[in-house]
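> sharing a model that was predicted from the sequence below.
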Amino acid sequence: MPWILAAAAAIALTVAGGVWITDRWNADGDHAAPMTSDDATATPTFDADPTGCLGGGSRDAAMVLAAQDQAPHTSNGAVEVAAAVLRWMHQYPVPSVDDIDQFEQQLVASSSPYDLASAYADDPNTSGSLVPDGTPFHLSTVPGVWHLESYSDVDAVVTVGAGLVIDGELHPTFRMAKTFTLTWADDGWQFDEASLDRTTEELFAIGTPFTGGC
């Protein structure tokens with residue numbers, strides 16, 4: 001089935017005077033299950049702390065591919081790729097058809113059934129309707145945070161959050177969060193699944209800030 005993005009299933013929560021974004025559904029359209037104590041233990045690997053900007057400041061497929069190429073086979077490498085995917089995925093105008101093809105061919109694990117092009121066609125507003133339709137926006141990891149949910153040599157589950165930049169201005173309170181499952185392959189970390197295992201409020205309460213961001 002088409003990949004359900006935040007635009008199709010997001011709600012805004014007012015917290016301490018601000019608005020937080022949270023997905024209501026996982027990629028299969030079911031309620032996302034919260035992490036439990038029985039889930040795999042997050043075992044971080046201590047190389048370079050995640051910057052949130054690996055691959056550069058652009059928001060095209062080349063940036064995500066560069067992040068994949070540069071990210072080490074570590075938990076921090078997985079965090080960097082997740083941040084790159086989040087920044088690329090949520091923007092308007094949406095990624096080009098060529099960029100979507102590159103992403104799906106080189107960055108999506110073969111086990112993933114997602115049809116990103118169809119999801120964008122169904123609803124190109126991936127802001128969860130916080131941004132009016134047709135209004136340019138993208139995400140910035142400058143105010144962003146990350147949290148490692150679980151890690152092994154073959155896969156990683158990472159929740160990353162970022163701020164919305166609307167018409168070139170970083171919004172003071174609008175934030176977005178998404179949980180990514182990544183799989184290690186010969187060519188680096190690959191995207192396997194997107195869901196929401198934590199609310200945005202929870203993530204920004206417990207998350208580790210990126211060291212740089214873009």
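Received it, and whenever you're ready, just let me know what you need. Numbering: from 1, shown residues only.

> going forward, measure contacts between C-alpha atoms and count neighbours the same way
OK.

> so which residues of this protein form strands?
10-15, 18-23, 137-151, 155-166, 169-185, 188-195, 208-209 (DSSP state E).

> any low-confidence regions in this protein?
Along the chain, segments meeting pLDDT under 70 span 1-46, 113.

> if we use 80, what do you get?
For the chain, the stretches flagged by pLDDT under 80 are 1-47, 110-114.

> state which helix of it is the longest.
Ordering each helix of the chain by length in residues (DSSP state H) puts helix 75-89 first.

> packing partners of it?
helix 61-70, strand 137-151, strand 155-166, strand 169-185, strand 188-195 (3 or more CA pairs under 8 Å, 6 or more residues apart in numbering; DSSP states H and E).

> which helices and strands does the shortest one pack with?
Which is strand 188-195. helix 61-70, helix 75-89, strand 169-185.

> I'd like the distance between Thr179 and Gln102.
22 Å (CA to CA, to the nearest Å).

> which of the two has more residues huddled nearby?
Thr179 (25 against 17; other CA atoms under 10 Å).

> for the chain, which residue is closest to the average position?
Leu86 (2.9 Å; CA atoms, centre = their mean).

> dump the helices and strands packed on strand 188-195 to TSV, plus distance to Asp47.
Output for the helices and strands packed on strand 188-195, formatted as TSV (distance: least, CA to CA, whole Å):
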stretch	distance to Asp47
helix 61-70	13
helix 75-89	7
strand 169-185	17
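
> which one of those lies nearest to Gly213?
Relative to Gly213, the nearest member of the helices and strands packed on strand 188-195 by CA to CA is helix 75-89, separated by 9.4 Å.
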